[in-house]
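# need a 3D model of the sequence below.
(2 chains)
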Amino acid sequence: MSVVTRFAPSPTGFLHIGGARTALFSYLYAKGHGGKFLLRIEDTDRERSTQEAVDAIFEGMAWLGLNGDNAQPIYQTQRFDRYRQVIQQMLAAGTAYYCYCSKEELDALRAEQMANKQKPRYDGRWRPEAGKTLPTPPADVQPVVRFRSPLDGQVVLQDLIKGEIVFDNAELDDLIIARGDGTPTYNFCVVVDDMDMGITHVIRGDDHVNNTPRQINILKALGATPPAYAHVSMILGADGAKLSKRHGALGVMEYRAMGFMPEAMLNYLVRLGWSHGDQELFTREEMCAKFNFDHVSASPARFDMEKAYWVNHQYLKSADPALVATEFDWHLRRIGVDPAQGPDLPAVIVQQRERCRTLVEMAEKSKFFFAELDGYNEKDAAKHLNAESAALLAELASALEALPQWSAEALHLAVNGFAEGRGLGLGKVAQPIRVACCGMAVSPPIDQTLYLLGRERTLARLKAAVSYVQQKQ
RNA sequence: GCUCCUAUCGUCUAGAGGCCUAGGACGGAGCCCUCUCAAGGCUUAAACCCCGGUUCGAAUCCGGGUAGGAGCGCCA
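Numbers count the residues shown, from 1 in each chain, chains lettered A, B, ... in the order given. Below is the predicted model:
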């Protein structure tokens, strides 16, 4: 049987990091087994579902490159006819029944049970039993439909991550599968969808484990074979607290804004909870080939920004610069820099990637290649731009102006020769050049920097630095 | 309250009874290299939640604690 997995978010917000990892695991498991990865939008809660959220989720998935194999994702709101049909079928088969309890009645029941330190649960007052007389249906109540859950026996779940979990049916009550207005509820929709979509492996957050026995029971009542389940633990914040809107929960697109590469994000996420021996870095192909549930941790994991940065840096350093350029371009524009007004992006990337953990850093540190300097870094200027160095810069400008060829090699020889000729260490010369040309004392190797900056800009900036010093005096 | 889940360095994890004096990675500390910042190389500190049991032998199996977490909706 070929594997079919799905990612089924409810569109009530952006795609957060935990959702992204669940989606990734589902994607990898399907791809690694030659199966299909499907997308489904669980939008039965009309109150909270929004089109903006749907778009945000797709945007995040697209950025990460986690595309579903169904051309059109499935929307639960478009399947109401099907749900209604299954509910009728269950009503007819006696595996579901109408319940006329009002919400007030239910609230009172729950409150009473809590007060008695019992697990709150429906008491089955409208559940048909042999020889039992049901109350007379009140005329003013629109009945809900409840699932007729087995009273005894147990559900044994062989979870791919957590192992065997046993639930007593006696712990479960008769959950509502259709509201008073006839619309179906979550646990029911999930079951029907997973069945209709032919899902073989349900991979989801472990906040769903307690729903699983109910879903399995409904599946059985429908005569369907339950899929395999894998319940993934939560991702916690760096402080070990649960991530929430108020507490550090960020959308994946915010990680883009922070300068992460999508592939690096995936790599960090896949290692959060999953391991393959001592390997830290994986290509997407490796992830697909090696991912499995034997090595997914059952305990929650904290999101460690430092490690994420490190992974990102590894990608920046080893990825094809042409690929990085797409993201780099986005970041440059984002800080108001026109990438066309300077050297080729891949060439800049090759020079900068060793010293930048994020693309935000890279963009900031590369700004001077594309735009005119908006002043010098104060400390760096104070340290490196003075009468002494200005004299050197003036001389150097003439020397460089005379260069027949503007290449990194030629510049290397020229600058080194210049320093040696004056009995100076290279640092004595390179640092003032940096401040003059880059606005700060940090840049790639000086020969590469000047080469990429170009002849005109270099000479102009050297001269500008000289007049800056003169004016200051 | 009830049900369910989890528990190895600060963090992510390796570990499927002897290979563990517990390995790797991030981060930390130190040294080397060096035109800046990095990168890189080397060295180093740092953990099996507790108590019982099974066994010749337990980080690994079992039981009980403890501590975290999730769920108990006409939300998903």
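# so who does A:Gly34 touch?
By Cβ atoms under 8 Å, 6 or more residues apart in numbering, the contact list for A:Gly34 reads A:2-3. For every residue, glycine as well, the C-beta is placed using N, CA and C.
# let's go with 7 Å and repeat that
Listed by Cβ atoms under 7 Å, 6 or more residues apart in numbering, the contact partners of A:Gly34 are A:Ser2.
# what of the one 4 residues further on?
Taking Cβ under 7 Å, 6+ apart as the contact definition, A:Leu38 lies against A:4, A:6, A:68-70, A:197.
# so which of those residues reach RNA strand B?
Applying Cβ under 7 Å from any atom of the strand to the contacts of A:Leu38, one finds that nothing falls near RNA strand B.
# among the residues you listed, name the ones in strands.
Cross-referencing these against strands under DSSP state E gives A:4, A:6.
# which strands and helices sit next to the helix or strand of chain A with the lowest mean pLDDT?
Least confident element among the helices and strands of chain A, by mean pLDDT, DSSP states H and E: helix A:103-115 (a mean of 87). Applying 3 or more Cβ pairs under 7 Å, 6 or more residues apart in numbering; DSSP states H and E, one finds that helix A:103-115 contacts no other helix or strand.
# tell me what the next helix or strand after that helix is packed against?
Using DSSP states H and E, the helix or strand that follows helix A:103-115 in sequence is strand A:144-147. Contact partners of strand A:144-147 among helices and strands, from 3+ Cβ pairs under 7 Å, 6+ apart: strand A:96-99, strand A:176-178.
# in space, what's closest to A:His33 - neighbours in sequence excluded?
What sits nearest to A:His33 in space, not counting adjacent residues and going by Cβ to Cβ, 6 or more residues apart in numbering, is A:Val3, at 4.1 Å.
# again, but for A:Thr77
In space, A:Thr77 comes closest to A:Asp43 once its chain neighbours are excluded; the distance is 5.1 Å by Cβ to Cβ, 6+ apart.
# residues contacting A:Pro213?
Here A:Pro213 is in contact with A:155, A:157, A:167, A:172 (Cβ under 7 Å, 6+ apart).
# distance of the second one from RNA strand B?
So that's A:Leu157. Distance from A:Leu157 to RNA strand B, counting by Cβ to the nearest atom of the strand, to the nearest Å: 9 Å.
# likewise for the last one?
In this view, A:Leu172 and RNA strand B are 9 Å apart by Cβ to the nearest atom of the strand.
# and stretch A:318-325, what's buried?
Buried residues in stretch A:318-325, counted by 16 or more other Cβ atoms under 10 Å: A:319, A:321, A:324-325.
# got TSV for those, with secondary structure, distance to RNA strand B and pLDDT too?
Formatted as TSV, those follow (DSSP: H, G, I helix; E, B strand; the rest coil; distance: Cβ to the nearest atom of the strand, whole Å; pLDDT from 0 to 100):
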residue	secondary structure	distance to RNA strand B	pLDDT
A:Ala319	coil	14	96
A:Pro321	helix	15	97
A:Val324	helix	15	97
A:Ala325	helix	19	97
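# pretty sure the residue nearest to A:Thr77 sits in a helix.
No - A:Asp43: not assigned to a helix; according to DSSP: H, G, I helix; E, B strand; the rest coil it is coil.
# what is the burial count for it?
Applying other Cβ atoms under 10 Å, we find 21 residues neighbouring A:Asp43.
# mind listing what it touches?
Residues counted as contacts of A:Asp43 (Cβ under 7 Å, 6+ apart) are A:10-11, A:49, A:75-77.
# can you do 10 Å?
A:Asp43 sits next to A:9-12, A:49-51, A:53-54, A:75-78, A:189 when contact means Cβ atoms under 10 Å, 6 or more residues apart in numbering.
# element containing the closest residue to RNA strand B within the stretch 251-400 of chain A?
Closest to RNA strand B within the stretch 251-400 of chain A is A:Ser299: 2.9 Å, counting by Cβ to the nearest atom of the strand. Using DSSP H and E, A:Ser299 sits within no helix or strand.
# list the contacts for A:Ala441?
By Cβ under 10 Å, 6+ apart, A:Ala441 lies in contact with A:376-377, A:379-381, A:383-384, A:430-435.
# surely the residue of the stretch 251-400 of chain A closest to RNA strand B touches A:His231?
No - contact criterion Cβ atoms under 10 Å: A:Ser299 and A:His231 do not qualify, at 12.0 Å.
# who's more crowded, these two?
It is A:His231, of A:Ser299 and A:His231, that has more neighbours when counted by other Cβ under 10 Å, with 22 against 9.
# count of residues packed around the closest residue to that one other than its chain neighbours?
Nearest residue to A:His231, sequence neighbours excluded (Cβ to Cβ, 6+ apart): A:Asp206, at 4.0 Å. Around A:Asp206 there are 18 other residues, counting by other Cβ under 10 Å.
# how far away is A:Arg7 from A:Gln72?
One thing to correct before we go on: residue A:7 is Phe, not Arg. Distance check for A:Phe7 against A:Gln72: by Cβ to Cβ, to the nearest Å, it reads 15 Å.
# neighbour count: those two, which is higher?
Legend: neighbour count by other Cβ under 10 Å for A:Phe7 and A:Gln72, higher for A:Phe7 (26 against 8).
# on that earlier part again, tell me the one of the contacts of A:Asp43 nearest RNA strand B?
A:Ser10 (2.8 Å).
# so what's that closest one up against?
Going by Cβ under 10 Å, 6+ apart, A:Ser10 touches A:19, A:40-45, A:48-49, A:53-54, A:57, A:76, A:186.
# out of the residues you listed, who's the most crowded?
A:Ile57 (27 neighbours).
# just give the nearest non-adjacent residue to it, would you?
Spatial nearest neighbour of A:Ile57, excluding adjacent residues (Cβ to Cβ, 6+ apart): A:Leu15 at 4.7 Å.
# how many residues are close by the one you found?
The tally of other residues near A:Leu15 (other Cβ under 10 Å) stands at 24.
# same for the helix or strand where A:Ala464 lies, what does it pack against?
Assigned by DSSP H and E, A:Ala464 belongs to helix A:455-472. Judged by 3 or more Cβ pairs under 10 Å, 6 or more residues apart in numbering; DSSP states H and E, helix A:455-472 is in contact with helix A:359-370, helix A:378-384, helix A:387-401, helix A:426-438, helix A:446-453.
# let's go with 7 Å and repeat that
Helices and strands touching helix A:455-472, as assessed by 3+ Cβ pairs under 7 Å, 6+ apart, comprise helix A:387-401, helix A:426-438.
# out of those helices, which gets nearest to A:Lys290?
Closest approach to A:Lys290 among those is made by helix A:426-438 (42.6 Å; Cβ to Cβ).
# quick one, phi/psi of A:Arg214?
Dihedral pair for A:Arg214: phi -60, psi -40, per degrees, to the nearest 10.
# that older thread, what's the most buried one of the helices and strands packed on helix A:455-472?
The highest mean neighbour count among these, using mean count of other Cβ atoms under 10 Å, belongs to helix A:426-438: a mean of 22.
# how big is the angle separating it from helix A:359-370?
Interaxial angle, helix A:426-438 versus helix A:359-370 (axes from the mean of the first three to the mean of the last three Cα atoms, to 10 degrees): 80 degrees.
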